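Trainee: Sequence first, then the predicted structure, then my questions.
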Amino acid sequence: MNELTLIAGIAAALGLGAMSPGPSFIMVARTAVTASRMDGIAASVGMGIGGVLFAAIALLGLHVVLTNVPWLYMVLKAAGGAYLIYLGYRIWRGAAQPLALGQDVAPRQRRQLGKSFSLGLVTQLSNPKTAIVYASVFTAFLPPSFSLMLALVLALMVFVIEAGWYVVVAIALSSQRPRAWYLRYKAWIDRAAGGVMAALGGKLIWSARSL
C-alpha cells in the first residue's frame, strides 16, 4: 500500500469518526449558538489540538500502555466521564436562564475566545477512548515502521479533520435561523443536551468498571 492510499484510508476512517454524534458535537454546537461564531471556531480549534495530542500518543505507541495497564486506562476514563457529567450539569442548570445576545455582549464574547478554545480542548481530552480509536486506525493502516515525515503529515491531517468538521458545525449553527430556533426552545434544548452529555459521561464511567 503506497503512502497516498494509506493516508486516504486513514482520513476516511477518522473523518467518519469525527462526524459521529457525541459530547464534542454538542459542545461545539451549543458554543456556536449561545456565544458567537468565533467562539464556536475557537472551540473547534481546541478540538483539533486535542485530536493531534491523542494522535501523537497513538503514533508514539503509548496506547500500548493504556491497553496493558488497565487501572491507568480506568482512571482516565472515570475522570473523563466525571468531567462530562459536570459539563452536562452546568448546561442543565442554566437551561432556564435567559440568554443575552446582541451588540452589548459582543466585546465580552470576543474576550472569551480563549475560554472557548480551552473548553474544546478539555472536552476532546476528556475521552481517552479517542486515543485507542486513533491507535486502532493507525495499526490497521500503518506498516511496522514509518517515516517521521509521514507521522507529521498524519498529525496535520488529524487537526484538519477534527477542527475542519467542527468549524463547519460552528458556522452552520451560528447562522441566524438556527440561533433563533435555539432561543425559542432554549430550555428544552439545554436540558436535552445536558442530559445527553451527563449520560455519555455516565456511560464512560460505567465502561471503566469492566476493565
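Mentor: Noted; the coordinates are in hand. In this text, all values refer to a predicted model and were calculated from it rather than measured experimentally.
Trainee: the bottom helix or strand of the protein by mean pLDDT?
Mentor: Least confident helix or strand, the chain: helix 106-110 with a mean of 49, by mean pLDDT, DSSP states H and E.
Trainee: Quick check: what element follows that one along the chain?
Mentor: Using DSSP states H and E, the next helix or strand after helix 106-110 towards the C-terminus is helix 113-125.
Trainee: So which bits of that following helix are buried?
Mentor: 113, 115, 116, 117, 119, 120, 121, 123, 124, 125 (16 or more other CB atoms under 10 Å). In this view, the C-beta of every residue, glycine as well, is placed from N, C-alpha and C.
Trainee: Could you list the residues in contact with that helix?
Mentor: Identification of contacts with helix 113-125 by CB atoms under 8 Å, 6 or more residues apart in numbering yields 23-24, 27-28, 31, 35, 38-40, 42-47, 49-51, 53-54, 80, 83-84, 87, 130, 162, 166.
Trainee: burial count for residue 174?
Mentor: Using other CB atoms under 10 Å, residue 174 has 21 neighbouring residues.
Trainee: Which residue comes closest to it once chain neighbours are left out?
Mentor: Distance criterion CB to CB, 6 or more residues apart in numbering; nearest residue to residue 174, sequence neighbours excluded, is residue 37 at 3.8 Å.
Trainee: quick one: contacts for that neighbour?
Mentor: 170, 171, 174.
Trainee: Same question for residue 163.
Mentor: By CB under 8 Å, 6+ apart, residue 163 lies in contact with 44, 45, 47, 48, 49, 51.
Trainee: Ok, residue 17 next?
Mentor: 133, 137.
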